[in-house]
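>>> Sequence plus the predicted model coming up.
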Amino acid sequence: MRFKRAIATGATAAAVGVGMLATAGPAHASASKCNGGSVFTACVSVKGSGLTVREVTAFGDCSRYPGCTPNPRAVVATKFRLEIKEPGRPLYKKTSPVRNYKSKQVGIKITPNRNYRDNTKVCVTSWRNTGKVGTACVTVRR
């Protein structure tokens, strides 16, 4: 009786394990993150699936702060640097000129449409005339 129960328990555990493997979805490269100062943040958005990155956007966002979004004339003089680094080596770096950006206005947008190695970092740093605002990073993972 114990032997039959042990076989049944083992078979159930194996079936659950196979079911978990079969239902595990693919990892996605799509993510976004913002980080920064008291009025304006540095933001990065990555779109893709698995290790494939289709689009990367560097932008600033001040919409979290009172007075920014309701005021259509509110602008922030900012520049952005976008960097993509695979483990052990930099791959891409671009810096935008200083411009007056409105809330959530794009600073840099690229469409690499390529695969990156696991743990590749995509980072955006922004500066205002008062200095560095912040750096936001997304890690591309399997």
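Yes, it's here. Numbers count the residues shown, from 1 in each chain.
>>> Direction included, what does whatever helix or strand residue 138 lives in pair against?
According to DSSP states H and E, residue 138 maps onto strand 131-140. Strand 131-140 pairs in its sheet with strand 120-128 (antiparallel), by DSSP bridges.
>>> circling back: buried residues in the strand holding residue 138?
Of all the residues in strand 131-140, those buried under the rule 16 or more other Cβ atoms under 10 Å are 133-138, 140. Just so you know, the C-beta spots here come from the backbone N, C-alpha and C atoms, and that holds for glycine as well.
>>> Would you mind listing the two of those that lie farthest apart?
133 and 140 (23.4 Å; Cβ to Cβ).
>>> Next, give phi and psi for residue 116.
phi -120, psi 160 (degrees, to the nearest 10).
>>> show me where the protein has helices.
Ranges of helices within the chain are 2-23, based on DSSP state H.
>>> Residue ranges in this protein under the pLDDT threshold?
For the chain, the stretches flagged by pLDDT under 70 are 1-29, 37-39, 63-77, 101-105.
>>> Mind doing that once more with 80?
Flagging of the chain using pLDDT under 80 yields the residue ranges 1-29, 37-40, 60-78, 98-106, 128-130.
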